[in-house]
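*Asks:* Structural data only, the sequence is not supplied:
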Ligand code: NOJ
């Protein structure tokens, strides 16, 4: 484990919407540098930047046209290097977004691979051997593009139609055009992606959030070949860049930790039941108190067992693919959700703007965002023009901003001690000062019954110190059996300080949370 991760609280920045310094309506890297102190002040010490590379932006940059070139709208490669240096000077670290599964159709590799004449890139993507051949119903392939190339073949799609699948081979080969995982062309793709990682690591980046990390090897039902591929990537990093961090968008920690990732995200897809807590008809964190956290906890426990109790799972407040948390929870309910996110093992991820409770807007799709567009609106810094995001005319902004008179802003949130921002600030500071709330401290669930409140767990640090965390978002008192002796209240939300822990029972007031140091 890279040591800085032990203490990391991440902040996800969607570069186009963070801060615009050149008045083109789109955020940029100099803007991120300018706002680093803000992120640090909140308490975050690590960044994940969504893709900031040359791209036609059909999928907001997840359609890369050049992995080694910063998109001009964000600045230059030198700007990105300055960002790494500026972050390091503040004891912060930066993960870039690696998109290894597909490129844009504009990528020179793809253009070369479309040619009839054999060349270095002929096998770089998953092509059939005849323009009419179906790619078949192969796990990991999301469609096919045909009739777009000079060569006689159709190309497999990894996500949107303009994102052709890079060729890492097939675990089970059923057609003559499918490459083996150890074929020269599949190994060349793998090497090319190692070169991309090396390019940015040499320039000061600290690692990668890996997009669709489980999607690389096709027809790989148990994903063992994909796991082996990542083990090889990790071995390469361990040799040349041992400190480089890899965090996977995969959602199956039992596989990813074995594959060599430091952590895996719990997300809106997969088996984690993440959505039960935050985004469903009856989120567990809503005060109506009609939610269920038990399946989330059961899956979490199972994943802990499968990963040797390491608990290396990242729980994000949101991300650029999900509706904003604020769509489901109001700012007070969000405080409770953050008390959870910031007291669990693994690295917490705060999605930009969630710290002030930015709203989810209903907007027409921009750059392939669809329903995600409303979670990608420009940051609201102040009450000024375009909420301080940009001095471009409002109609030039990347995406429209929250038109509400009470649109939350950083300025207002920081001025109000009672704000969500300050609650998060307090929670992060406490997490840092308390070993038992850290990334690697164990978690044991004490109470997490079906359809019930509260949720109670104990975190235990390596030095033996323990903290009991009890959360009751419901608008009614809730109690549970709980046989611990507390020594000191470390944190209270709502009437949390009035929680009673005695005679084997914990009674939690309505809408309250408490963290208690155990004797
Ligand atoms: C997951 C990313 O988070 C999402 O934004 C993107 O559209 C797809 N992968 C395709 O790269």
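*Replies:* Noted; the coordinates are in hand. These numbers were taken from a predicted model, which means no experiment stands behind them.
*Asks:* same question for stretch 130-145, mean pLDDT?
*Replies:* What stretch 130-145 shows for mean pLDDT is 92.
*Asks:* wait, I meant stretch 498-514
*Replies:* 96.
*Asks:* Ok, stretch 302-322 next?
*Replies:* Here the average pLDDT along stretch 302-322 is 91.
*Asks:* How about stretch 267-279?
*Replies:* Per-residue scores along stretch 267-279 average to 94.
*Asks:* hey, where'd the helices end up in the protein?
*Replies:* Applying DSSP state H to the chain gives helices spanning 29-34, 36-42, 77-89, 108-113, 184-202, 224-240, 253-259, 274-278, 294-306, 331-341, 410-415, 420-433.
*Asks:* between the fifth one and helix 224-240, how many degrees?
*Replies:* When axes from the mean of the first three to the mean of the last three C-alpha atoms, to 10 degrees is applied, the directions of helix 184-202 and helix 224-240 differ by 40 degrees.
*Asks:* quick one: contacts of helix 184-202?
*Replies:* Outside helix 184-202, the residues that touch it by C-beta atoms under 8 Å, 6 or more residues apart in numbering are 67-68, 96, 98, 100, 109, 120, 122-124, 166-169, 179-180, 207-208, 229, 232-233, 236-237, 240-241, 244. In short, each C-beta sits where N, CA and C put it, glycine included.
*Asks:* Try it again at 7 Å.
*Replies:* Contact with helix 184-202 is made by 67-68, 96, 98, 100, 123-124, 166-169, 179-180, 208, 229, 233, 236-237, 240-241, 244, as judged by C-beta atoms under 7 Å, 6 or more residues apart in numbering.
*Asks:* and what of the fourth one?
*Replies:* Helix 108-113 is contacted from outside by 103, 119, 120, 121, 122, 124, 125, 164, using C-beta under 7 Å, 6+ apart.
*Asks:* State the pLDDT value of residue 116.
*Replies:* For residue 116, the predicted pLDDT is 98.
*Asks:* For the stretch 251-400 of the chain, give the residue positioned nearest to the ligand.
*Replies:* Proximity of the stretch 251-400 of the chain to the ligand (C-beta to the nearest ligand atom) peaks at residue 321, 4.7 Å away.
*Asks:* Do me a favour and get the end-to-end distance for stretch 102-109?
*Replies:* The first and last residues of stretch 102-109 sit 11 Å apart, counting by C-alpha to C-alpha, to the nearest Å.
*Asks:* Now do the strands in the stretch 251-400 of the chain.
*Replies:* 263-265, 313-314, 349-351 (DSSP state E, counting those that start in this stretch).
*Asks:* Just the closest residue of the protein to the ligand, please.
*Replies:* Closest point on the chain to the ligand, by C-beta to the nearest ligand atom, is residue 62, at 3.4 Å.
*Asks:* Give me the neighbour count for that residue.
*Replies:* 27 (other C-beta atoms under 10 Å).
*Asks:* Residue 132 too?
*Replies:* Each residue near residue 132 was counted by other C-beta under 10 Å, and the total is 10.
*Asks:* ok, so what distance separates it from residue 382?
*Replies:* Distance of residue 132 to residue 382, computed by C-beta to C-beta, to the nearest Å: 58 Å.
*Asks:* do the same with residue 230
*Replies:* Counting by C-beta to C-beta - residue 230 and residue 382 are separated by 43 Å.
*Asks:* Tell me, how many residues neighbour the nearest residue to residue 397 once chain neighbours are set aside?
*Replies:* Distances taken as C-beta to C-beta, 6 or more residues apart in numbering place residue 25 nearest to residue 397, at 4.6 Å, with adjacent residues excluded. The number of residues packed around residue 25, counting by other C-beta under 10 Å, is 21.
*Asks:* does residue 25 really touch residue 396, like I thought?
*Replies:* Yes - counting by C-beta atoms under 7 Å, residue 25 sits close enough to residue 396 to count as a contact (3.6 Å).
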